[in-house]
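Engineer: Using only what follows, build the 3D model:
(one chain, ligands or ions: 1)
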Amino acid sequence: MTDLFSPYALKGVTLRNRIVMSPMTMYNSVDGRMDDYHTMYLGARAAGGFGLVFPEQVAITPDGRTTTSCAGLWSDEQVEGHARVTAMIRRMGAVPGIQLGHTGRKGSELPPHKGVNEQGSWKALPPDHPDGWTCVAPDAIPYGGDHSYPVHPLTVAEIADLHRSYADAARRALDAGYQWLEMHFAHGYLAASFFSPLANQRTDEYGGSVRNRARFLLEALDAVREVWPEEYPLTMRLGVDDLHPDGIRLEDSIEAIGWMKEHGLDLADVSIGFNTDDMVEPPLGDRGFMLERAARIKREVDIPVATSWNLGVPQNAAAAIASGAIDLAFLGRPALSNPHWPVWAARELGHEDPFGLVPADWAWWLRNFRGHDASIGLPAPSAPAPDLRAAG
Ligand SMILES: Cc1cc2nc3c(=O)[nH]c(=O)nc-3n(C[C@H](O)[C@H](O)[C@H](O)COP(=O)(O)O)c2cc1C
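Structural biologist: Numbers count the residues shown, from 1 in each chain. Here you go, the predicted model:
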């Protein structure tokens with residue numbers, strides 16, 4: 001039975017535990033740069049005990065951002081801000097990971113905290129807005145809803161340029177000190193839209209069969225594999241299911257992940273396609289709803305897997321790891337709301353030394369300075385430690 005707090009080794013990298021801060025777009029960059037803001041919030045999560053810490057999806061080109069306030073790595077000038085972030089994450093004992101991506105049809109937006117439409121959807125900006133642009137896509141099919149402005153279907157030459165941009169950004173990521181690279185192939189962004197029949201109806205070698213729809217993804221992976229060292233994990237977040245009868249099917253994803261494994265993929269982080277708002281009964285409110293799909297991929301492709309989605313109750317994350325369904329638990333919103341989620345979870349789960357997860361100097365004080373047990377800043381464990389063996 002594998003413990004959530006046991007180290008995890010992949011290639012030449014060992015994480016101190018299996019708790020990952022999932023990539024989350026923060027809308028706090030100027031000219032795509034990371035600054036003190038990013039060093040602060042990512043450093044805090046590393047100090048809070050997360051084993052692997054991702055900043056947000058980092059754009060490979062300016063038009064690959066969600067908004068003009070999002071981070072990128074399309075220029076050498078952006079490396080320094082990232083290097084400060086990775087140095088802080090490492091100093092706090094975690095491994096810095098980067099998620100590289102391009103937003104495709106879902107770019108040119110207003111930050112959500114500055115405006116959503118009446119349906120609660122992210123608000124797209126028209127191409128002629130000072131903070132907007134024409135989105136690129138596999139085909140001339142806009143995402144729809146608020147994102148109904150015309151999109152530019154990529155030519156084969158433009159696709160090749162983008163693959164070079166992936167490789168250039170990966171090279172910069174290495175210079176910046178990242179030790180884990182995840183390709184963002186989910187959530188309706190460019191790669192996800194190439195993989196989805198809902199967005200991609202091309203008739204050339206990038207459209208049609210599963211193999212053709214996976215081509216953009218495989219070529220991006222190859223381009224990055226060329227420059228990313230073998231000793232560092234190269235992983236991907238794939239939207240394995242569009243939850244729509246005409247969209248990406250799990251069976252297609254299983255096939256594609258098999259090819260990606262042959263192309264040097266080290267782990268699959270399993271997520272949703274999000275290529276349409278028109279999903280059939282999306283289980284977004286259910287605990288751990290991607291676990292079953294992730295476990296199936298692990299079984300059928302024989303590749304390490306991770307997933308996020310509603311694993312924030314410590315017993316759920318621990319059981320998912322204990323059962324062997326996933327190798328790593330990604331936490332998004334729980335990491336936002338509680339930088340010390342791993343310490344809290346350790347107390348909830350009866351870990352013998354929860355404060356061993358924070359930097360050694362704080363740990364010393366938290367373990368040794370006499371005081372009132374209930375005044376340590378964390379709630380007392382809510383119940384006796386669970387026996388997770390049943391989950392196995
Ligand atoms: C504010 C916010 C920003 C996000 N941005 C990204 C992103 O940049 N890349 C990505 O792959 N997922 C992104 N996500 C999704 C999370 O990484 C995670 O997969 C999702 O929130 C489900 O995990 P949770 O239930 O633990 O929150 C974002 C989620 C939130 C809440």
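Engineer: Please count neighbours and contacts with C-alpha atoms only from this point.
Structural biologist: Noted.
Engineer: how about the longest helix seen in the chain: buried residues?
Structural biologist: Secondary structure of the chain per DSSP state H: the longest helix is helix 156-175. By 16 or more other C-alpha atoms under 10 Å, the buried positions in helix 156-175 come out as 159-160, 162-174.
Engineer: now do stretch 83-96
Structural biologist: Neighbour-count burial for stretch 83-96 flags 83-90, 92-96 (criterion: 16+ other C-alpha under 10 Å).
Engineer: quick one: which of those sit in helices?
Structural biologist: Of the buried residues of stretch 83-96, the ones assigned to helices by DSSP H are 83-90.
Engineer: so how far is the ligand from the nearest residue to Pro150 once chain neighbours are set aside?
Structural biologist: In space, and not counting its chain neighbours, Pro150 is closest to Pro142: 6.1 Å by C-alpha to C-alpha, 6 or more residues apart in numbering. Separation of Pro142 from the ligand (C-alpha to the nearest ligand atom, to the nearest Å): 20 Å.
Engineer: and Pro142, backbone torsions?
Structural biologist: phi -70, psi 160 (degrees, to the nearest 10).
Engineer: Now do the contacts for it.
Structural biologist: Applying C-alpha atoms under 8 Å, 6 or more residues apart in numbering to Pro142 gives the contacts 105, 148-151, 199.
Engineer: Can you check the pLDDT for it?
Structural biologist: For Pro142, the model assigns a pLDDT of 97.
Engineer: And Arg389, by the same measure?
Structural biologist: Reported pLDDT for Arg389: 61.
Engineer: What of Pro381?
Structural biologist: Taking Pro381 on its own, its pLDDT is 89.
Engineer: Pretty sure it sits in a helix.
Structural biologist: No: counting by DSSP: H, G, I helix; E, B strand; the rest coil, Pro381 is not found in a helix; it is coil.
Engineer: Now it: closest residue in space, sequence neighbours ignored.
Structural biologist: Glu348 (4.7 Å).
Engineer: swap in Pro304?
Structural biologist: Nearest one to Pro304, counting by C-alpha to C-alpha, 6+ apart, is Leu267 at 4.8 Å.
Engineer: That neighbour reaches Met236, doesn't it?
Structural biologist: Yes: counting by C-alpha atoms under 8 Å, Leu267 touches Met236, with 6.7 Å between them.
Engineer: quick revisit: list just the nearest of the ones in helices among the buried residues of stretch 83-96 to the ligand.
Structural biologist: Closest to the ligand out of those is Val85 (16.1 Å), distances taken as C-alpha to the nearest ligand atom.
Engineer: That closest one contacts Arg45, doesn't it?
Structural biologist: No: contact criterion C-alpha under 8 Å: Val85 and Arg45 do not qualify, at 11.6 Å.
Engineer: Which residues of the stretch 51-200 of the chain lie near the ligand?
Structural biologist: Within reach of the ligand by C-alpha under 6 Å from any ligand atom, the stretch 51-200 of the chain has these residues: 56-57.
Engineer: what's the closest of the contacts of Pro142 to the ligand?
Structural biologist: Out of the contacts of Pro142, the member with the shortest distance to the ligand (by C-alpha to the nearest ligand atom) is Arg105, at 14.8 Å.
Engineer: Take the ones in helices among the buried residues of stretch 83-96 and write them to TSV, including pLDDT.
Structural biologist: As requested, these are exported to TSV (pLDDT from 0 to 100):
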residue	pLDDT
Ala83	98
Arg84	98
Val85	98
Thr86	98
Ala87	98
Met88	98
Ile89	98
Arg90	98
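Engineer: Go through the buried residues of helix 156-175 and say which is closest to Trp74.
Structural biologist: Ala169 (5.8 Å; C-alpha to C-alpha).
Engineer: per-residue confidence for the closest one?
Structural biologist: Predicted confidence (pLDDT) for Ala169: 99.
Engineer: what are the ranges of the helices in this protein?
Structural biologist: Counting by DSSP H, the segments of the chain that form helices are 36-47, 79-91, 156-175, 190-195, 210-227, 250-262, 291-301, 314-322, 333-337, 341-348, 360-368.
Engineer: The fifth one: how far from the chain's middle?
Structural biologist: Read it as helix 210-227. 18 Å (C-alpha atoms, centre = their mean, to the nearest Å).
Engineer: Check which residues of it are buried.
Structural biologist: Quick answer for helix 210-227 (16+ other C-alpha under 10 Å): 210-225, 227.
Engineer: Where among the helices of the chain is average confidence lowest?
Structural biologist: Mean pLDDT is lowest for helix 360-368 among the helices of the chain, at a mean of 93.
Engineer: on that earlier part again, got the helices of the chain as CSV, with distance to Arg16 columns?
Structural biologist: Formatted as CSV, the helices of the chain follow (distance: least, C-alpha to C-alpha, whole Å):
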stretch, distance to Arg16
helix 36-47, 11
helix 79-91, 12
helix 156-175, 21
helix 190-195, 31
helix 210-227, 25
helix 250-262, 25
helix 291-301, 22
helix 314-322, 15
helix 333-337, 17
helix 341-348, 11
helix 360-368, 14
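Engineer: Having no further points to raise, I will conclude here.
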